[in-house]
Each structure stands twice: as structure tokens, then as C-alpha cells.
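>>> No letters, just coordinates:
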């Protein structure tokens with residue numbers, strides 16, 4: 001059966017498994033008889049400039065599929081482009097739909113997080129308004145794990161695995177010295193602390209885990225920070241602190257803003273964060289004289305495909321594949337979601353949810369999963385997160401380093 005063509009794009013921050021979702025869309029669409037699967041270069045922004053590729057020119061066999069699944073970051077390139085409203089800028093939507101019509105596109109997939117789901121919502125609304133038959137589906141992706149209506153998001157499990165591993169190694173290094181010290185590790189997370197909470201996964205019979213964990217769900221207090229560190233130093237000497245980059249003080253300011261003369265924002269108005277650990281390290285030393293070091297994991301936590309969670313990469317592929325099946329069966333204006341059946345043994349099924357219930361909403365760490373003093377997370381979080389990091393998938397190694405699939409500029 002010959003079907004219409006597909007357009008797929010990637011948007012927002014990359015992950016180590018986002019390309020597995022792309023592979024899921026591509027393989028499922030081709031297997032179903034779609035003649036062309038086009039890929040937007042740099043998301044919807046690239047599509048507006050008519051920059052796209054035919055993915056069959058790059059994915060030619062099953063080996064390429066497996067290589068793509070193991071390639072970190074966004075194979076097609078990404079963007080942070082906010083679609084204007086159709087009421088204010090109808091010409092933008094008319095151009096998008098004109099391009100899609102010219103290419104014979106009947107199915108449109110966008111792999112991304114909150115802002116990307118807003119794009120799917122806007123496009124599906126416009127399609128309904130003009131009577132277009134193009135079907136628009138969201139494929140979830142974000143290491144932040146903050147998309148609503150889904151148990152978790154592809155990308156989070158691998159980032160959590162990297163963070164837990166890095167924390168174990170940092171703790172092993174810090175605890176080797178006999179003198180007191182404080183190591184502050186900055187972990188991504190603007191308003192939701194799922195990633196910083198994952199530092200607790202380093203706790204095992206061979207590791208005590210971080211001594212303090214600060215999440216953006218709780219107000220950060222500088223005086224309490226000094227007290228918490230002093231208390232832990234009495235107990236264990238060398239102290240390890242995990243902190244979300246997005247922690248805020250009671251006045252609503254990000255802690256990292258204290259180190260900046262001006263604040264830069266992206267197209268969606270989000271302040272660009274970073275420097276929280278370095279600021280707190282300097283603050284601690286200035287106020288106590290204790291030796292302190294700030295470590296920023298930065299993009300390492302989202303692109304470490306050498307330490308990917310096999311479960312995460314499998315579910316990412318499944319999200320792309322199931323979104324495609326849903327669209328082929330008539331769904332539009334939806335996003336694939338994960339529904340957990342049980343923690344142990346871990347069991348999950350996929351479903352689809354109306355994009356209107358998801359776009360521009362944010363899921364935070366439940367308050368009940370954060371300790372009363374705001375310096376850690378509970379066993380309930382561990383039961384939730386640990387199944388998501390299970391399993392490994394080795395990269396294809398060439399000359400001692402991983403090989404990736406790429407599009408030549």
C-alpha cells in the first residue's frame with residue numbers, strides 16, 4: 001500500500017536517544033509504504049527556509065538504523081523557534097502548509113519537549129481551521145522529564161544513568177583525601193528537579209551518594225545552605241552537594257543570576273542558566289574558608305551515548321514508531337505517552353494523549369518525594385527512576401572511539 005509522505009523534525013535540547021525516536025519514525029513509515037520520509041534541518045525554523053533532506057539518502061540499511069540509534073544529539077539539527085500565533089502571523093502557517101503540500105506530506109512528526117508540543121498544538125489547530133488532512137503528532141523528548149500526562153520521557157533515563165554514574169565517580173574521587181572539602185555538582189533542570197534527583201541513584205552498597213540534593217521545587221536559602229554543609233561536615237568530612245541549575249531564592253531569582261551582569265533569554269523567554277555550582281563554591285569559601293570546588297556537568301549529561309540506558313533507547317524508538325502508527329491510523333493533534341503498569345517488575349505501555357493537555361504545562365517532582373528539610377529525595381523516587389536506567393547498549397567503535405551517523409554540511 002502506497003501512503004503519503006512524512007515530514008519529521010527535532011527541536012529543543014538534544015539527548016543521547018532522540019535519534020532513536022527518529023529511527024522509529026523512519027523505519028515504521030517506510031515499512032508502512034510511505035514513499036518519502038523528509039527530515040527538517042533545524043526543526044520548524046529550517047522548514048520555513050525549505051531546508052530539508054530525504055532521509056533515505058542517509059539511512060540506507062538496517063546497519064544505518066542501528067548506527068543512528070547510537071548517535072547522540074539531533075541528527076537533523078535543532079532549533080528554539082517559537083511559532084507566532086496564527087491570528088497574528090497567518091502567513092507563517094500558510095507558508096508551512098504550502099511547503100508540506102508541495103512535498104505531498106500527509107504525516108508530520110515533531111520530536112521534542114514542552115515548546116515542541118506547543119508547535120504541534122498550533123499546527124494541528126491551524127490544520128483543523130483550514131480543513132487540512134495533514135496529521136500532526138508529537139513524539140516526546142526531554143532529559144528534563146517534565147512533560148505532563150506521561151510517566152516519563154525518552155532521554156531522561158540515559159541522562160539519569162549518566163548523572164548517577166558521574167556522581168559515584170566524583171564521590172569516589174572526593175572521599176579519597178583525608179582533609180575536609182566540599183564538592184558542588186551542578187545538574188541541569190530549570191523548574192523541575194528530576195535530573196538533580198537522579199544523583200541519588202548513585203547510592204548503593206559501595207557509595208553513600210550525595211550528602212545534599214537541592215531541587216528547584218524548593219526555595220533555596222543561602223543561610224540554610226551554610227548550615228546544611230556545616231552539619232554534614234561534622235558527620236562525614238568531605239561533603240558532596242548536587243544542585244539543580246534552576247534553584248531560586250525566595251524573591252524568585254535564580255541563584256546563578258548573582259554571578260551575572262545581564263541575563264540572556266531564548267526565543268521562548270527562558271533565561272539561559274548556568275554557573276550555580278561555581279557561584280555557590282565561591283560563596284561557601286568566602287563565608288567559611290572551607291576548600292570547595294564547583295563541577296558543571298553541562299551538556300555531558302544529555303549527549304553521553306557511550307553510557308546510554310538500553311531501556312531508554314528502546315522506549316525512544318518505540319515512541320517514534322507508535323506515533324507513526326497512530327498517525328497512519330488517523331490520529332492528529334496527539335502525543336505518544338508512557339503509562340506505567342508496575343515498578344517491579346517494570347512494565348509500561350504506550351498510549352496517545354490530546355496535545356492540548358500537554359503543551360505549555362510542566363510536571364515537577366512530587367512534593368512527597370522530597371525530604372522534609374529539602375536536602376534529598378525519598379525511596380519512592382528511587383523506585384520510580386531506577387527502572388529507567390537499566391541496561392546498556394555499546395556504541396559501534398572505530399579506532400577506539402564511537403562512530404556516529406551524520407549529515408555532511
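Received it, and whenever you're ready, just let me know what you need. All figures in this text were calculated on a predicted structure; none of them were measured in a lab.
>>> Give the residue spans of the stretch 1-150 of the chain that score low on pLDDT.
Along the stretch 1-150 of the chain, the parts satisfying pLDDT under 70 run over 1-2.
>>> any idea where the helices of it begin and end?
18-31, 43-48, 62-69, 90-102, 114-130 (DSSP state H, counting those that start in this stretch).
>>> Turn the ones you listed into JSON lines, columns for mean neighbour count.
From N, CA and C alone the C-beta is placed, and that goes for glycine too. Output for the helices of the stretch 1-150 of the chain, formatted as JSON lines (neighbours: other Cβ atoms under 10 Å):
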{"stretch": "helix 18-31", "mean neighbour count": "26"}
{"stretch": "helix 43-48", "mean neighbour count": "22"}
{"stretch": "helix 62-69", "mean neighbour count": "17"}
{"stretch": "helix 90-102", "mean neighbour count": "15"}
{"stretch": "helix 114-130", "mean neighbour count": "21"}
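>>> Relative to residue 390, which of the ones you listed is closest?
Checking these against residue 390 by Cβ to Cβ gives helix 18-31 as the closest, at 15.9 Å.
>>> Relative to the whole chain's centre, how far out is the closest one?
The gap between where helix 18-31 is centred and where its chain is centred comes out at 18 Å by Cα atoms, centre = their mean, to the nearest Å.
>>> again with stretch 196-203
Averaging C-alpha positions (Cα atoms, centre = their mean) puts stretch 196-203 17 Å from its chain's average.
>>> Would you map out the domains in this structure?
5-144+305-360+390-402, 159-302 (automatic domain parsing).
>>> Would you state the strands of the stretch 151-300 of the chain in chain order?
Per DSSP state E, counting those that start in this stretch, the stretch 151-300 of the chain carries strands over the ranges 182-187, 212-214, 239-244, 292-296.
>>> Can you say which of the ones you listed is packed in most?
Comparing those by mean neighbour count (mean count of other Cβ atoms under 10 Å), strand 239-244 ranks first with a mean of 28.
>>> ok, residue 282 - contacts?
Neighbouring residues of residue 282 by Cβ atoms under 8 Å, 6 or more residues apart in numbering: 292, 294.
>>> Correction: the previous question concerned residue 352.
Shown in contact with residue 352 (Cβ under 8 Å, 6+ apart): 137, 322, 323, 326, 331, 334, 335, 336, 337.
>>> Out of those residues, which comes closest to residue 238?
residue 337 (41.9 Å).
>>> my guess is that closest one is in a strand, correct?
Yes. The assignment for residue 337 is a strand, going by DSSP: H, G, I helix; E, B strand; the rest coil.
>>> thought it was touching residue 140?
Yes. Using Cβ atoms under 8 Å as the test, residue 337 is close enough to residue 140 to be in contact (7.2 Å).
>>> anything in contact with each of those two?
residue 150.
>>> So what's the gap between stretch 377-385 and the chain middle?
Its chain's C-alpha centre and that of stretch 377-385 lie 19 Å apart, by Cα atoms, centre = their mean.
>>> Give me the contacts around it.
For stretch 377-385, contacts defined as Cβ under 8 Å, 6+ apart pick out 160, 194, 197-198, 200-201, 203, 213, 215, 343-344, 365-366, 368-371.
>>> quick one on the thing from earlier: and of the strands of the stretch 151-300 of the chain, who's closest to residue 386?
strand 212-214 (15.7 Å).
>>> In a markdown table: the helices of the stretch 1-150 of the chain, plus distance to residue 405.
Listed next are these as a markdown table, based on distance: least, Cβ to Cβ, whole Å:
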| stretch | distance to residue 405 |
| --- | --- |
| helix 18-31 | 8 |
| helix 43-48 | 18 |
| helix 62-69 | 5 |
| helix 90-102 | 25 |
| helix 114-130 | 22 |
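>>> so which of these gets nearest residue 279?
In terms of Cβ to Cβ, the element of the helices of the stretch 1-150 of the chain nearest to residue 279 is helix 114-130, at 26.5 Å.
>>> helices and strands around that closest one, which ones?
helix 90-102, strand 105-112, strand 135-140 (3 or more Cβ pairs under 8 Å, 6 or more residues apart in numbering; DSSP states H and E).
>>> before we move on, back to that, and residue 337 and residue 140? which has more neighbours close in?
residue 140 (31 against 23; other Cβ atoms under 10 Å).
>>> Excluding covalently adjacent residues, which one is nearest to the more buried one?
residue 153 (4.7 Å; Cβ to Cβ, 6 or more residues apart in numbering).
>>> for residue 24, same thing?
residue 320 (2.6 Å).
>>> what is the orientation angle of the helix or strand containing the one you found with helix 62-69?
If you go by DSSP states H and E, residue 320 is part of helix 310-328. For helix 310-328 against helix 62-69, the angle by axes from the mean of the first three to the mean of the last three Cα atoms, to 10 degrees is 110 degrees.
>>> how many neighbours does residue 351 have?
Number of residues near residue 351 (other Cβ under 10 Å) recorded here: 14.
>>> Assess the claim that it and residue 341 are in contact.
No. Taking contacts as Cβ under 8 Å, residue 351 lies outside contact range of residue 341: 11.7 Å.
>>> Done for today, thanks.
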